[in-house]
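Enquirer: structure of the sequence below:
(one chain, ligands or ions: 1)
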Amino acid sequence: MKLTKLYSAIIGVTLLFLCLTTTHAQVIAIRAGKLIDTETGTTATNQIILVESEKIKAVGAGLPIPAGASVIDLSNYTILPGLFDAHTHLCQSTSADNRDLFTTDIREPTAYRAILGVSNAKQMLESGFTTVRDVGNNGNYADTALRQAIESGLVPGPTMINAGRIIAPFGGQYHLQPDRPELGNPEYLFADTHDEMVKAIRQNIHFGALVIKIVVDDQKYIYSADDIKFIVEEAGRAGLKVAAHCMTEKGARNAALGGVASIEHGFRMSDETLQLAKRNGVVLVGTDFPVPAAIALGLPADFAQKFHDVFIDRLKRAYKVGVTMAYGTDSFAEVEGETRGTMAISYVDSFVEAGIPAKDVLKIMTTNAAQLLGVEKQRGTIKPGMFADIIATRDSPLDNLQALKKVSFVMKNGTIIKQTP
Ligand SMILES: [Zn+2]
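Expert: Below you'll find the predicted structure:
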């Protein structure tokens with residue numbers, strides 16, 4: 001064989017190999033009977049979604065399906081973006097025999113908490129939550145380990161934006177006694193002065209936090225608006241947003257004035273503070289507990305009902321004021337017959353009870369949350385270039401949000417996680 005012929009043979013074989021490997025770059029074509037655009041609350045019918053490796057390549061009616069693509073027929077289903085839970089505690093759990101967080105946290109070492117996180121992450125994903133923001137209470141950075149294990153493909157789980165250790169004024173959310181002040185470790189980083197705040201933020205970032213979580217007001221001494229502004233600026237210099245746990249009206253007001261990205265819980269917020277949050281672009285992550293979830297916290301039934309009613313009242317007022325909301329559950333209780341995912345999805349009942357239209361709830365569960373988490377350019381919509389985080393339900397959640405409780409199909413980063421009839 002002449003040398004030129006040998007070269008062209010080599011080039012030919014190489015090209016064939018490239019062609020074959022290109023075809024092998026996994027292309028999945030999803031036939032979508034109904035496709036919801038959660039940004040607009042509209043539905044398109046008979047769409048084709050082309051997924052190549054981790055991302056969405058094209059979406060449209062009558063798109064040609066490339067030869068060799070594997071086809072997933074969801075013609076009888078409604079397709080929508082994967083859901084978000086912007087307030088999880090994946091590496092924390094209380095069980096029916098002990099609902100007390102303090103003693104549970106002390107008993108369980110970080111290694112166990114990480115394994116717990118693996119289990120909860122899988123459960124969340126199987127219920128359709130493809131992205132979460134995990135806001136602390138994970139021992140000594142079990143959340144960072146979990147995030148890294150998910151990102152490397154070691155274990156299945158939602159994309160995580162994790163907070164590391166919660167930064168709080170002395171004592172955190174615990175009620176310590178003077179002989180054992182160290183029992184607040186490693187759950188909280190106590191920071192009372194500005195120097196301590198800087199150090200706590202930097203420690204968190206160094207150990208893998210992607211968001212900063214602060215407790216504003218779980219003690220009589222609370223972070224001032226100036227403290228919070230200081231924290232927001234320091235975190236912001238490293239590109240991190242701040243989530244603020246607020247139990248009181250005053251705490252929520254300080255957080256809104258301080259310019260946090262989100263107020264967590266905020267169930268005592270007045271209309272005036274909700275308006276202030278709206279003006280300052282602060283998102284409310286309401287953690288609006290349905291009654292069974294409130295009972296699972298260990299509250300007596302009558303108190304759980306009252307607790308729930310306060311949330312519903314605030315949810316109604318928040319919707320009326322028009323403050324931006326993102327779905328967040330704060331679910332951390334083990335309940336018999338439920339998974340972390342089924343517990344998290346049950347919070348849609350509160351939105352239904354508050355009379356919030358399904359199209360707005362879907363936005364709260366996807367695009368609003370994606371924006372808050374800072375992943376809106378990668379996740380939260382089904383559009384070309386976005387990561388293929390896709391779920392499907394038998395009935396359209398726009399007609400009935402209960403459909404979200406039976407997710408038949410889950411895809412995350414282009415990988416099928418679940419497919420059931
Ligand atoms: Zn929480």
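
Enquirer: Met197 and Gln203, how far apart?
Expert: 11 Å (Cβ to Cβ, to the nearest Å). Where you see a C-beta, it was placed from the backbone N, CA and C, and this is true even at glycine.

Enquirer: of those two, which one has the most company?
Expert: More crowded of Met197 and Gln203, by other Cβ atoms under 10 Å: Met197, with 22 against 16.

Enquirer: so that one sits against Leu189, correct?
Expert: No. Assessed by Cβ atoms under 8 Å, Met197 is found out of contact with Leu189, at 9.3 Å.

Enquirer: give me the residue at the spatial middle of this protein.
Expert: Centroid-nearest residue in the chain, with Cα atoms, centre = their mean: Val132, separated by 2.0 Å.

Enquirer: so what sits opposite it in the bridge?
Expert: Asp85, Met160 (DSSP bridges).

Enquirer: now do it, the pLDDT please.
Expert: At Val132, the model reports a pLDDT of 98.

Enquirer: so how far is Tyr174 from it?
Expert: 24 Å.

Enquirer: what about the stretch 301-421 of the chain, any weak spots by pLDDT?
Expert: For the stretch 301-421 of the chain, no stretch is flagged by pLDDT under 70.

Enquirer: return stretch 384-398 as PDB; C-alpha atoms alone will do.
Expert: Provided in PDB are the C-alpha atoms of stretch 384-398 (Å, rounded to 0.1, in the frame of the first residue of the first chain):
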ATOM      1  CA  PRO A 384     -32.000  24.500  24.500                       C
ATOM      2  CA  GLY A 385     -28.700  24.800  26.400                       C
ATOM      3  CA  MET A 386     -30.300  24.000  29.800                       C
ATOM      4  CA  PHE A 387     -29.400  20.900  31.800                       C
ATOM      5  CA  ALA A 388     -31.900  18.200  31.100                       C
ATOM      6  CA  ASP A 389     -33.800  18.200  34.500                       C
ATOM      7  CA  ILE A 390     -37.200  17.000  33.400                       C
ATOM      8  CA  ILE A 391     -40.200  15.400  35.100                       C
ATOM      9  CA  ALA A 392     -43.500  14.000  33.900                       C
ATOM     10  CA  THR A 393     -46.900  13.400  35.500                       C
ATOM     11  CA  ARG A 394     -50.000  11.600  34.300                       C
ATOM     12  CA  ASP A 395     -52.300  14.600  34.800                       C
ATOM     13  CA  SER A 396     -51.400  18.200  34.300                       C
ATOM     14  CA  PRO A 397     -50.400  20.000  37.500                       C
ATOM     15  CA  LEU A 398     -51.900  23.100  35.900                       C
END
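
Enquirer: shared neighbours of Met197 and Leu189, anything?
Expert: Residues touching both Met197 and Leu189 by Cβ atoms under 8 Å, 6 or more residues apart in numbering: Ile167.

Enquirer: what sits against the residue nearest to the centre of the chain?
Expert: The contact partners of Val132, taken as Cβ under 8 Å, 6+ apart, are 84-86, 88, 90, 124, 158-161.

Enquirer: how does it look with 6 Å?
Expert: Going by Cβ atoms under 6 Å, 6 or more residues apart in numbering, Val132 touches 85, 88, 158, 160.

Enquirer: could you pull out the helices for the stretch 101-250 of the chain?
Expert: 101-107, 110-126, 142-151, 194-206, 225-237, 249-258 (DSSP state H, counting those that start in this stretch).

Enquirer: can you put these in a markdown table and add distance to Pro181?
Expert: What follows is these, written out as a markdown table (distance: least, Cβ to Cβ, whole Å):
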| stretch | distance to Pro181 |
| --- | --- |
| helix 101-107 | 13 |
| helix 110-126 | 20 |
| helix 142-151 | 22 |
| helix 194-206 | 15 |
| helix 225-237 | 21 |
| helix 249-258 | 23 |
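
Enquirer: nearest to Gly374, out of those?
Expert: Distance to Gly374, taken as Cβ to Cβ, is lowest for helix 225-237 among those, at 11.6 Å.

Enquirer: helices or strands next to that closest one in the packing?
Expert: Applying 3 or more Cβ pairs under 6 Å, 6 or more residues apart in numbering; DSSP states H and E, one finds that helix 225-237 contacts helix 194-206, strand 242-246, helix 249-258.

Enquirer: could you pull out the helices in the stretch 251-400 of the chain for me?
Expert: Using DSSP H, counting those that start in this stretch, helices in the stretch 251-400 of the chain cover 271-279, 291-295, 301-321, 340-345, 348-353, 358-365, 367-373.

Enquirer: can I get those helices in TSV with mean neighbour count and distance to Val285?
Expert: Shown next, in TSV, are the helices of the stretch 251-400 of the chain (neighbours: other Cβ atoms under 10 Å; distance: least, Cβ to Cβ, whole Å):
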stretch	mean neighbour count	distance to Val285
helix 271-279	18	11
helix 291-295	20	15
helix 301-321	16	11
helix 340-345	25	13
helix 348-353	21	13
helix 358-365	23	10
helix 367-373	24	7
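
Enquirer: closest one to Ile212 among the ones you listed?
Expert: Ranking the helices of the stretch 251-400 of the chain by proximity to Ile212 (Cβ to Cβ) places helix 367-373 first, at 13.2 Å.

Enquirer: list of residues touching the closest one?
Expert: Against helix 367-373 from outside (Cβ under 6 Å, 6+ apart): 38-39, 84, 86, 133, 161, 262, 283, 324, 326-327, 376, 379-380.

Enquirer: before we move on, back to that, between the contacts of Val132, which is nearest Ala32?
Expert: Using Cβ to Cβ, Pro158 is the member of the contacts of Val132 that lies nearest Ala32, at 21.7 Å.

Enquirer: neighbours of Thr193, how many?
Expert: When counting by other Cβ under 10 Å, one arrives at 9 neighbours for Thr193.

Enquirer: no wait, Val232
Expert: Neighbour tally, Val232, other Cβ under 10 Å: 21.

Enquirer: list the contacts for it?
Expert: Each residue near Val232 by Cβ under 6 Å, 6+ apart is listed here: 242, 258-259.

Enquirer: so what pLDDT did it get?
Expert: Predicted confidence (pLDDT) for Val232: 98.

Enquirer: tell me how far it lies from Val282.
Expert: Distance, Val232 to Val282, using Cβ to Cβ: 10 Å.

Enquirer: next, show the common contact partners of the two.
Expert: With Cβ under 6 Å, 6+ apart, Val232 and Val282 have no common neighbours.

Enquirer: quick one on the thing from earlier: worst average pLDDT in the helices of the stretch 101-250 of the chain?
Expert: Here the helices of the stretch 101-250 of the chain differ in mean pLDDT, and the lowest is helix 101-107 at a mean of 90.
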